[in-house]
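Asks: here is a sequence with its predicted model. Questions after.
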Amino acid sequence: SKGFVGLQDLDNLAKNSFPLCMRHLFFNLRHEHHLKFGGRQQLGLFLKGIGLKLEDALNFWRSEFTVKMTTEKFDKEYGYSIRHNFGKEGKRVDYTPYSCMKIITSTPGVGDHHGCPYRHFSQENLRSVLEDQQLSSRTVDAVMEKVRNRHYQLACATTFEAIHGCPSDGINHPNQYFEQSRRALQ
Ligand code: SF4
């Protein structure tokens, strides 16, 4: 059964157990105090999927966004869609987190940070992100080779295996990456 994730755990979890797509969004939000719609959806539903509860989700997004805007503006313009993703507004659908396929086939525009880094980053940018994760140059080369062959999820699995030092069951969902990581790091 899935435990709840508290706000105080998020930065460590992001550093150790988020796949690149979610790390990128998370730390961008931390630095810029803003994310555009596609990023809010991709990260917000993922966070719901790892067990962040609605109240904590609202506090998390509010604490970042209100660095640059009033609480009133945040609650009016952004609070609704967060509650909506938790099935508390509109049609009251409990929305599910995005799969890798959905993320890989998305089309981020200028200023967007959503998408899959293996698919959407330039080669130089991806390489430097991988090197920041302390991956050996041999591993980085193996990942880049898979990316060139358009095997983005295999590239992600190779990264997972190098970071965790154990095999993965394959990666087809960011939340599954997260669950596998938590198990591996236990
Ligand atoms: Fe995220 Fe999936 Fe891309 Fe990995 S392969 S970075 S989990 S979208």
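Replies: Yep, that arrived. Numbers count the residues shown, from 1 in each chain.

Asks: is any residue of stretch 124-136 near the ligand?
Replies: No. When contact is scored as CB under 6 Å from any ligand atom, no part of stretch 124-136 falls within range of the ligand; the minimum is 10.3 Å. For every residue, glycine as well, the C-beta is placed using N, CA and C.

Asks: what sits up against that stretch?
Replies: For stretch 124-136, contacts defined as CB atoms under 8 Å, 6 or more residues apart in numbering pick out 20, 24, 117-118, 121, 137, 139-140, 143-144, 147, 159, 162-163.

Asks: measure His114 to Tyr98 for me?
Replies: 9 Å (CB to CB, to the nearest Å).

Asks: hey, what's in contact with both of the two?
Replies: Residues touching both His114 and Tyr98 by CB under 8 Å, 6+ apart: Gln41, Gln42.

Asks: more crowded one of these two?
Replies: For His114 versus Tyr98, neighbours defined as other CB atoms under 10 Å are more numerous around His114 (25 against 22).

Asks: quick one: contacts for the more buried one?
Replies: Applying CB under 8 Å, 6+ apart, the residues near His114 are Cys21, Leu25, Lys36, Gly38, Gly39, Gln41, Gln42, Leu43, Ile103, Ser106, Pro108.

Asks: now the helices for the protein?
Replies: Here the chain has its helices, by DSSP state H, at 10-17, 20-32, 37-50, 54-65, 71-74, 80-85, 100-104, 117-120, 123-132, 137-148, 152-164, 174-185.

Asks: of the contacts of His114, buried ones?
Replies: Neighbour-count burial (16 or more other CB atoms under 10 Å) applied to these gives Cys21, Leu25, Gly38, Gly39, Gln41, Gln42, Leu43, Ile103, Ser106, Pro108.

Asks: my read: the first one touches Pro174, true?
Replies: Yes. Counting by CB atoms under 8 Å, Cys21 touches Pro174, with 6.0 Å between them.

Asks: Throw the helices of the chain into CSV and include mean pLDDT, thanks.
Replies: Shown next, in CSV, are the helices of the chain (pLDDT from 0 to 100):
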stretch, mean pLDDT
helix 10-17, 96
helix 20-32, 98
helix 37-50, 97
helix 54-65, 96
helix 71-74, 95
helix 80-85, 91
helix 100-104, 98
helix 117-120, 98
helix 123-132, 96
helix 137-148, 97
helix 152-164, 98
helix 174-185, 97
